[in-house]
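J.: I need the structure of the sequence given here:
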Amino acid sequence: QVRLVESGGGLVQAGGSLKLACATREDAQSVFGWGWFRQAPGKEREFLAAISRNFGHTSYADAVKDRFTISRENANYTVYLQMNNLNPDETGIYFCAAQAGTLQRSLVGAQGYDYWGQGTQVTVSS
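T.: Here you go, the predicted structure:
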């Protein structure tokens, strides 16, 4: 059973930066890839970025690809999301997710993930 623990959220002014972290606890070696998602108030959860564990292949949503960077440290099974030039519309809860097991699926989209963290709040003030 994979468990994910996010950290790094907080309050930032518009135009500022934050770096989120997601630590994988328990059965981390079964993880094929990780993703980051955002859920704004009153909106559906949306895909932001993904990275595969073995080769580090990345995917981004068009809205963030020039400002956000996903990375991972395989040694400690931690994935990061560096977010730059944030705007108030990006306020929400940020979730880390992991795909695990032997059935590999696309990492783009929530349906490709088996485990979710509890989320970390990011608030961007204007």
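
J.: Tyr94 is in contact with Gly119, correct?
T.: Yes: using C-beta atoms under 8 Å, Gly119 makes contact with Tyr94 at a distance of 6.4 Å. (Each C-beta comes from the backbone N, C-alpha and C, glycine too.)

J.: More neighbours: which of the two?
T.: Tyr94 (23 against 18; other C-beta atoms under 10 Å).

J.: what touches both of Gly119 and Tyr94?
T.: Glu6 (C-beta atoms under 8 Å, 6 or more residues apart in numbering).

J.: Contact partners for Val12?
T.: Val12 touches Leu18, Leu86, Val122, Thr123, Val124, Ser125, counting by C-beta under 8 Å, 6+ apart.

J.: secondary structure element for the most centrally placed residue in the chain?
T.: Nearest to the geometric centre of the chain sits Trp36, at 2.0 Å (C-alpha atoms, centre = their mean). Trp36 is part of strand 31-39, with elements assigned from DSSP states H and E.

J.: partner strands of that strand, parallel or antiparallel?
T.: Using DSSP bridges, the strands paired with strand 31-39 are strand 46-52 (antiparallel), strand 92-100 (antiparallel).

J.: Check which residues of it are buried.
T.: Of all the residues in strand 31-39, those buried under the rule 16 or more other C-beta atoms under 10 Å are Val31, Phe32, Gly33, Trp34, Gly35, Trp36, Phe37, Arg38.

J.: got it, and stretch 105-124?
T.: Those buried within stretch 105-124 under the rule 16+ other C-beta under 10 Å are Leu107, Gly112, Tyr113, Asp114, Tyr115, Trp116, Gly117, Gly119, Thr120, Val122, Val124.

J.: Once you drop chain neighbours, what's closest to the first one?
T.: Same thing as Leu107. Ala50 (3.7 Å; C-beta to C-beta, 6 or more residues apart in numbering).

J.: who's in contact with the one you found?
T.: By C-beta under 8 Å, 6+ apart, the residues touching Ala50 are Gly33, Trp34, Gly35, Trp36, Thr58, Ser59, Ile70, Leu107, Val108.
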